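>>> kindly generate the corresponding structure for this input.
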Amino acid sequence: MKSEKYPVRLYSILLFLLVAVGMLSSCGSGKRISRKGELIPGKYFSGVLLYDPESRDTLVSLNASHYFTPASTLKLFTLYVANEVLPDSAPTLYYAETQRNLYIKPAANPAFLHDSLPDATFAFLEKSKKDIIVVADTLSDFKYGYGWQWDDFEFYYMPEKSLFPLYGNLVRLYPDGHIVPSYFQSQVRESHPLGFARDFDANVFYLNGHDQVQKIPFITSPGLSAQLLSDTLHRPVFSGSLPENVVLRPYVSTPLIPVYKRLMDESENFIAEQLMLMVAREKTGVYRVGDAIRYALDSLLSELPDPPRWVDGSGLSRYNMFTPADMVYLLDKMYREWGREKVFSLLPFNGKEGKLYHWYPSETKFVYAKTGSLSNHHNLCGYLVAKSGKVLIFSIMNNNFTLPSKQVKERINRILKRWYEKY
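Model prediction:
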C-alpha cells in the first residue's frame, strides 16, 4: 500500500509546479504585470495602467479598476469639462450702462485681479466715469467643497468659492510689510506661534515675521467684494438692483488657455472650483459645482469604464473616488479629440525646464502629466513619449502610504524611466 502512495504524491507535486510555472509565466507576458521590479509597492495601495493609444493595447495593468483618492489629478476632468463647455474667452461680469450708472453682475470668473492671470476688467471699470452698481446673483453652493478639511481654512490652497472673486480670494502678506489687497492692512496683527494665521470666523490675520510672501484666504461676501473693488478703484462702489428693461450683456475679458495652463502648472484649487461654477451656470443657469459634475457625467463622460464618485472640481476632497482606468480613458479622449500639440502644451512636463523636474528629475523631457497629492496619497497621470517616439498614456496612483512621499515619487520616476527605455 505504501508503494502506491508515492506516485500519487509525486504526481500532485508535479501538477502544482506546472500550474505555478504557468501562473508566473502569464504574469510576465503580454498585458499582465511582472511581479518583479518596482511595480509592486510596499505597505500601501497602488494602481498602475499603461496604455498604447495607437494599438489600443494595455501594456501594464495593476489594480486598474480599483478606486483611489485622485487628489489633484481630478483637475484633468475639470480641465476637460471647462474646455468643452466654456468659450475660448469668458466674461468676468455682465454689465449694462444707463446715463448715470454702470451696472455689473459677477460671473464667478477667477481671473479678476488675480496676480498671475490676464484680464482686462479692471481697466474697463477704471475708465468708466459712471457710478458702479454691483448687482448680486445667487451662489447656490457652499463656500467650501463637500468633504474638505475644515481646519485648512487658513491655508493658501483652500480659498472660498464665490461669485465675485477678487485677488484669488487671498490676502498676500509681503516681507516688507505691505499687504494686497491693502484694504486688510488694519486687520493684521503681529505675533503668532505658527508664523501666520487667520481667525476662523473673522478677517483678522496674524504674522510673526516671514521672509517670503504668505497667502491666506479671506472670508468672502458680496458686500466685501464691493468694498474691495471700491478700495482698489479709489472711488465708491455701490450695491443695488437692476432697473426694469435694462438688459445685461457679457464683458468678455479673460482668455481661458492661460487659466487652464495655470490650473495645470500650479494646481490651483480656487481656479478649478470657479471654473466648475462657470460650467454649471453655462449649462444649468445655477452656480453649483455639483450641477456641473452631473452634467459632465451624463453628457460628456457617460462612457467612463468605472463610475466615479466625483464631488468637487479641485480634488481637495477625500470623498472623490476614481480608478486608473478612468484616468487613462479621459487622457485618451483628450488626446484623440484635442490633438497632441494642445494637450502637451497644457500639461506640466519633466526635463530640466519642466514643472515636474523637482519631483521627477530627468535630463530628457518625456513625461507630460498632472500630479495629485494629499497627505499619504500621491498620484501621477499623463503621457509618456518613449525613446522610440511612441506616445503612451499612463496612470500611477498611490494611496495610504506612511513613508515619506519622496520615496514614492522616486519609485514612480524609476518606473517612468524604465518604460521610456523599454517602449
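
>>> just the element for the closest residue to Leu384 other than its chain neighbours, please.
In space, Leu384 comes closest to Leu392 once its chain neighbours are excluded; the distance is 4.7 Å by Cβ to Cβ, 6 or more residues apart in numbering. The C-beta positions use only the backbone N, C-alpha and C, and glycine is treated the same way. With elements delineated by DSSP states H and E, Leu392 resides in strand 391-399, which encompasses its position.

>>> what bits of the chain have low per-residue confidence?
Under the criterion of pLDDT under 70, the regions of the chain flagged as low confidence span 1-38, 191-196, 208-210.

>>> where exactly do the helices run in it?
Under the criterion DSSP state H, helices of the chain are mapped to 2-27, 75-85, 121-127, 222-233, 256-266, 269-284, 289-295, 324-338, 340-346, 405-422.

>>> out of those helices, which gets nearest to Leu207?
Leu207 lies closest to helix 222-233 among the helices of the chain, at 20.3 Å (Cβ to Cβ).

>>> would you mark the buried spots in stretch 280-292?
Along stretch 280-292, these residues count as buried under the neighbour rule (16 or more other Cβ atoms under 10 Å): Ala280, Arg281, Glu282, Lys283, Tyr287, Arg288, Val289, Gly290, Asp291, Ala292.

>>> would you check that the fourth one makes contact with Ala292?
Yes. Using Cβ atoms under 8 Å, Lys283 and Ala292 qualify as a contacting pair, with a distance of 6.9 Å.

>>> which residues does the residue positioned nearest the centre of the chain contact?
With distances taken as Cα atoms, centre = their mean, the residue of the chain nearest its centroid is Lys75 (3.0 Å). Contact criterion Cβ atoms under 8 Å, 6 or more residues apart in numbering gives Leu263, Met264, Ser267, Ala272, Gly313, Ser314, Gly315, Lys370, Gly372 as the residues in contact with Lys75.

>>> could you dump those into CSV and include distance to Val180?
Rendered in CSV, the data for these read as follows (distance: Cβ to Cβ, whole Å):
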residue, distance to Val180
Leu263, 22
Met264, 25
Ser267, 22
Ala272, 22
Gly313, 25
Ser314, 23
Gly315, 27
Lys370, 29
Gly372, 29
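
>>> any idea which of those is closest to Val135?
Gly313 (25.3 Å).

>>> just the strands in the stretch 101-250 of the chain please.
Using DSSP state E, counting those that start in this stretch, the strands of the stretch 101-250 of the chain run over residues 101-106, 131-135, 170-173, 179-180, 188-190, 196-198, 205-207, 214-217, 237-240, 249-255.

>>> let me know which of those is the nearest to Gly47.
Across those, the minimum distance to Gly47, taken as Cβ to Cβ, is reached by strand 214-217, at 32.5 Å.

>>> how far off centre is the closest one?
Here strand 214-217 is found 19 Å from its chain centre; the criterion is Cα atoms, centre = their mean, to the nearest Å.

>>> start to end distance for stretch 279-299?
The first residue of stretch 279-299 is 13 Å away from its last residue (Cα to Cα, to the nearest Å).

>>> how about stretch 367-380?
Chord length of stretch 367-380, first to last residue, is 10 Å (Cα to Cα).

>>> dump the contacts of Lys75 into TSV; add distance to Pro106 and neighbour count as well.
As requested, these are arranged in TSV below (distance: Cβ to Cβ, whole Å; neighbours: other Cβ atoms under 10 Å):
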residue	distance to Pro106	neighbour count
Leu263	20	28
Met264	25	23
Ser267	24	22
Ala272	18	25
Gly313	18	31
Ser314	20	28
Gly315	25	30
Lys370	29	27
Gly372	30	26
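
>>> for those, which one is nearest Val252?
Using Cβ to Cβ, those come closest to Val252 at Leu263, 19.4 Å.

>>> is it true that the closest one touches Leu275?
Yes. Assessed by Cβ under 8 Å, Leu263 is found in contact with Leu275 at 7.3 Å.

>>> between the two, what contacts are shared?
By Cβ under 8 Å, 6+ apart, the residues touching both Leu263 and Leu275 are Thr78.

>>> coming back round to it: how about the strands of the stretch 101-250 of the chain, which one is nearest Ala71?
With respect to Ala71, and counting by Cβ to Cβ, the nearest of the strands of the stretch 101-250 of the chain is strand 214-217 at 19.3 Å.

>>> got the contact list for that closest one?
With contacts defined as Cβ under 8 Å, 6+ apart, strand 214-217 is touched by 153-156, 158-160, 169-173, 195-198, 205, 207.

>>> how many residues are close by Asp119?
Counted with other Cβ atoms under 10 Å, residues neighbouring Asp119 total 20.

>>> skip the chain neighbours and tell me the closest residue to it.
Counting by Cβ to Cβ, 6+ apart, the nearest residue to Asp119 once its immediate chain neighbours are dropped is Ala111, at 4.0 Å.

>>> and if you look at Tyr383?
For Tyr383, the closest residue by Cβ to Cβ, 6+ apart turns out to be Tyr368, at 4.7 Å.

>>> any idea how far the strand holding Leu392 is from the chain center?
Centroid displacement of strand 391-399 relative to its chain, using Cα atoms, centre = their mean, is 16 Å.

>>> dump that strand to CSV, restricted to CA.
Below are the C-alpha coordinates for strand 391-399, written out as CSV (Å, rounded to 0.1, in the frame of the first residue of the first chain):
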residue,chain,number,x,y,z
VAL,A,391,3.2,58.1,-27.1
LEU,A,392,1.8,56.1,-24.2
ILE,A,393,-0.8,57.0,-21.7
PHE,A,394,-0.4,56.1,-18.0
SER,A,395,-1.9,56.4,-14.6
ILE,A,396,0.0,55.6,-11.4
MET,A,397,-2.0,56.1,-8.2
ASN,A,398,-0.7,55.5,-4.7
ASN,A,399,-2.9,55.8,-1.6
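
>>> now for it, which elements pack on it?
Contact analysis of strand 391-399 by 3 or more Cβ pairs under 8 Å, 6 or more residues apart in numbering; DSSP states H and E lists strand 45-52, helix 324-338, strand 377-385, helix 405-422 as its packing neighbours.
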